[in-house]
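*Asks:* here's my sequence, what's the structure:
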Amino acid sequence: MLREQSIPHSRPSARARKVIGRAILAVLMAVAGVEAQFGGGRFNIRVATPEDYDGEFHFCRVWFRSASGGDGGNWSVDYPRADINLSIRLAELTKTPVSQTGDLQPNHLLVRLADDTLFQCPFVMMTAVGSVYFDEREAARLREYLLKGGFLWVDDFWGSYAWSVWASQIRKVLPPGEYPIVDLPSDHAIYRTQFVVAQTPQIPNIGFWLGTGTTSERGADSAEVHTRGILDRDGRVMVLMTHNTDLGDSWEREADDPTYFYKFAATGYAFGIDIVLYSLTH
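*Replies:* Numbers count the residues shown, from 1 in each chain. The predicted structure is shown next:
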């Protein structure tokens, strides 16, 4: 049996403490600069490079800028635990080969719409799209990605105003006259790719649910979950929109509270895995 061994140490000198303090400050300032660029603040951020892709599944999250009049959070909502946990469950519950890092963690990736690495991801996700803003180049690149067979899932935006913001931006990508937004019926293939899910669950963020015991984060304005899509000419879903629900929180927060886990995580994972498998097989 291994025993802990005490390691002798001494208090650094005043000069050493000053040097260490300056080094830590420099690191924090560098990290803050990166986080400011991407709108984060809680984690290290690295955008995907071509060398990251190995032919196996990567959970690809899209970084986007937030509109000044947007609603809700930003691209980093649920990141990175949701990306990691769904990748783990996908590997456990399906035969999908999931890319791993050297320390055997899921190799989830962050991509920008203007970068060529986007086209290495058959599946991408955006969260809190009630705040999204696309410029002309980003809209054109996303359109190219989708028409080449890519799949986008947007989640965790609540209420009519957040919907209007998202709709205004996705119309830059796929004009409604040519690519209308439609409601997906409950018998759509996306609900039974592997697991049979009766309907899109309404999942609130854990703090809201623990505080209120309810699921509609915007009251009457978000009482109904909408599952909508934009289809290609063959009827395949290119853009999936789960509005008035937060599937990502059921993955991110699975270990935070057992009651929340048992109430929301099983259905959240089942539907999430169905969506990923649909995106890879249709």
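*Asks:* shaky segments in this protein?
*Replies:* Applying pLDDT under 70 to the chain flags residues 1-44.
*Asks:* what ranges does it have for its strands?
*Replies:* Counting by DSSP state E, the chain has strands at residues 60-63, 65-66, 109-112, 123-127, 132-133, 151-155, 181-183, 226-231, 237-243.
*Asks:* burial count for the residue nearest to Gly268 when sequence neighbours are not counted?
*Replies:* Nearest non-adjacent residue to Gly268, counting by C-beta to C-beta, 6 or more residues apart in numbering: Ser250, 2.8 Å away. The way it works is simple: take the backbone N, C-alpha and C, and place the C-beta from them, glycine included. As a burial measure, Ser250 scores 29 neighbours (other C-beta atoms under 10 Å).
*Asks:* hmm, back to that, JSON lines please, covering the strands of the chain and showing distance to Ala139 and mean neighbour count.
*Replies:* Formatted as JSON lines, those follow (distance: least, C-beta to C-beta, whole Å; neighbours: other C-beta atoms under 10 Å):
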{"stretch": "strand 60-63", "distance to Ala139": "13", "mean neighbour count": "23"}
{"stretch": "strand 65-66", "distance to Ala139": "12", "mean neighbour count": "18"}
{"stretch": "strand 109-112", "distance to Ala139": "13", "mean neighbour count": "21"}
{"stretch": "strand 123-127", "distance to Ala139": "13", "mean neighbour count": "24"}
{"stretch": "strand 132-133", "distance to Ala139": "10", "mean neighbour count": "22"}
{"stretch": "strand 151-155", "distance to Ala139": "12", "mean neighbour count": "23"}
{"stretch": "strand 181-183", "distance to Ala139": "16", "mean neighbour count": "13"}
{"stretch": "strand 226-231", "distance to Ala139": "14", "mean neighbour count": "18"}
{"stretch": "strand 237-243", "distance to Ala139": "13", "mean neighbour count": "23"}
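*Asks:* and Arg143, which of those strands is closest to it?
*Replies:* Nearest to Arg143 among these is strand 237-243; the distance by C-beta to C-beta comes to 9.8 Å.
*Asks:* sounds good, over and out.
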